[in-house]
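# Attaching a predicted model along with its sequence, questions to come.
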Amino acid sequence: MGIINRVLLFFYSLFFGIFCLGVVLLVFNIVPERVLLNEYQYAVAQWQTGAVAGVVFLISIHLFFCSFSGKGNKDTSSGDIILVHGNAGEVNVSLNAVKMMIERISTGVRGVRDVKVKSVLRHDKEKGDYLMLDIKINVGQERSIAAISDDIRTQAGKYLSEIACINNYEVAVSVAEIVSGVVVKKKRLK
């Protein structure tokens, strides 16, 4: 359960706890009946009562459906690290480093004009931890899309398994745009 749902559940439980305390006070006649009727008539005449009841109803429905949701995959993406086991010990590799390297590799493939990579580390109980790479490319018309995609998958797989020593990964390549015309790549000064 996420932090937002925990906060909602806290206030929801607090609200119904106070409501139940009020019912107990009514049952033991601690609050006089005339005061109760006066407060009831006042509350029913206010539009805010309906708004609060509607919000509590929506929170109830939300928490009801949250109770049926299973534990899905936990995804992490930004500053996380992958633990790589070497001969002399363990090494931490950041996802950002892997992402930047896959972008460079994909940009070097003939026919690719622009690349955007999304890297996500998934924690799954059945498969274990694995890296998912979603590579979105803009391609030219000089080569077939299948050949470009195969080259990217091959080179990315070679980098991940041989250089980064990451064996549990999935690579998805999708074409965002097909551009026409000849592009002359200019070298950038760094």
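Cool, got the structure.
# Now do the same for residue 93: helix, strand or coil?
Assigned with DSSP: H, G, I helix; E, B strand; the rest coil, residue 93 falls in the strand class.
# any idea of the pLDDT on it?
Predicted confidence (pLDDT) at residue 93: the value is 74.
# how near is it to residue 155?
Taking CB to CB, to the nearest Å as the measure, residue 93 falls 18 Å from residue 155. The way it works is simple: take the backbone N, C-alpha and C, and place the C-beta from them, glycine included.
# tell me which residues in stretch 98-118 are buried?
98, 99, 101, 102, 103, 105, 106, 109, 111, 112, 115, 117 (16 or more other CB atoms under 10 Å).
# State the mean pLDDT of the top helix by length along the chain.
For the chain, the longest helix by residue count, based on DSSP state H, is helix 3-27. The average of the pLDDT scores along helix 3-27 is 83.
# I'd like to know which elements it is packed against.
Judged by 3 or more CB pairs under 8 Å, 6 or more residues apart in numbering; DSSP states H and E, helix 3-27 is in contact with helix 47-68.
# Convert the C-alpha atoms of the helix it packs on to PDB, please.
The C-alpha coordinates for helix 47-68 follow below in PDB (Å, rounded to 0.1, in the frame of the first residue of the first chain):
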ATOM      1  CA  TRP A  47     -24.400  21.600   1.900                       C
ATOM      2  CA  GLN A  48     -21.100  20.700   3.500                       C
ATOM      3  CA  THR A  49     -22.600  17.600   5.100                       C
ATOM      4  CA  GLY A  50     -23.400  16.200   1.700                       C
ATOM      5  CA  ALA A  51     -19.900  17.100   0.400                       C
ATOM      6  CA  VAL A  52     -18.200  15.400   3.300                       C
ATOM      7  CA  ALA A  53     -20.400  12.300   2.900                       C
ATOM      8  CA  GLY A  54     -19.600  12.200  -0.800                       C
ATOM      9  CA  VAL A  55     -15.800  12.400  -0.100                       C
ATOM     10  CA  VAL A  56     -16.000   9.700   2.600                       C
ATOM     11  CA  PHE A  57     -18.000   7.500   0.100                       C
ATOM     12  CA  LEU A  58     -15.300   8.000  -2.600                       C
ATOM     13  CA  ILE A  59     -12.500   7.200  -0.100                       C
ATOM     14  CA  SER A  60     -14.400   4.100   0.900                       C
ATOM     15  CA  ILE A  61     -14.700   2.900  -2.700                       C
ATOM     16  CA  HIS A  62     -11.000   3.600  -3.300                       C
ATOM     17  CA  LEU A  63      -9.900   1.700  -0.200                       C
ATOM     18  CA  PHE A  64     -12.300  -1.100  -1.100                       C
ATOM     19  CA  PHE A  65     -10.600  -1.600  -4.500                       C
ATOM     20  CA  CYS A  66      -7.100  -1.200  -3.000                       C
ATOM     21  CA  SER A  67      -7.900  -4.200  -0.700                       C
ATOM     22  CA  PHE A  68      -8.300  -6.400  -3.800                       C
END
